[in-house]
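Colleague: Here is my input, please return the structure:
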Amino acid sequence: MPIIQPNNPLHGKTLESILVELVNYYGFEKLGRLIPVKCFTDNPSIQSSLKFLRKTPWARKKVEELFLRSRGN
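Modeller: Alright, predicted model coming up:
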C-alpha cells in the first residue's frame, strides 16, 4: 500500500515535472545563477540535468527547495 502524503507539496511531482516548471519559469540561464551547477550552465538540457540530479542528492534538494520557494510553499 503506497504512503499518502497530503501535506507534502512535492507529493505526486516527478523530478522531471519540477525541473520543467523551473526551466519554463526561470530559464536555464537564471536557474544556473540561482543553483550554480554545470548541468544548468554548460550546454544545459532537461535530460542531462535529470541525469545529474538523480545521482546528486544535494543538488536535487536545492532544486526541490527552489521549486517550493517559487510556488510560495
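
Colleague: separation between residue 30 and residue 64?
Modeller: 17 Å (Cβ to Cβ, to the nearest Å). Heads up, the C-betas are built off the backbone N, CA and C, glycines and all.

Colleague: more crowded one of those two?
Modeller: Ranked by neighbour count (other Cβ atoms under 10 Å), residue 30 and residue 64 place residue 64 first, with 17 against 13.

Colleague: What residues sit buried inside the longest helix along the chain?
Modeller: Longest helix of the chain, by residue count under DSSP state H: helix 15-34. Across helix 15-34, burial judged by 16 or more other Cβ atoms under 10 Å covers 15, 18, 19, 22, 23, 26, 28, 31, 32.

Colleague: and that helix, C-alpha only, in CSV?
Modeller: Presented in CSV, the C-alpha positions along helix 15-34 are these (Å, rounded to 0.1, in the frame of the first residue of the first chain):
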residue,chain,number,x,y,z
LEU,A,15,11.8,15.4,-10.7
GLU,A,16,11.2,15.9,-14.4
SER,A,17,8.0,17.9,-13.9
ILE,A,18,9.7,20.0,-11.2
LEU,A,19,12.6,20.8,-13.5
VAL,A,20,10.4,21.6,-16.5
GLU,A,21,8.4,24.0,-14.4
LEU,A,22,11.5,25.7,-13.1
VAL,A,23,13.1,26.0,-16.6
ASN,A,24,9.9,27.4,-18.0
TYR,A,25,9.7,29.9,-15.2
TYR,A,26,13.3,31.0,-14.8
GLY,A,27,15.1,29.6,-17.9
PHE,A,28,18.4,27.8,-17.7
GLU,A,29,20.5,31.0,-17.5
LYS,A,30,18.8,32.3,-14.4
LEU,A,31,18.5,28.8,-13.0
GLY,A,32,22.2,28.4,-13.3
ARG,A,33,22.7,31.6,-11.4
LEU,A,34,20.3,30.5,-8.6
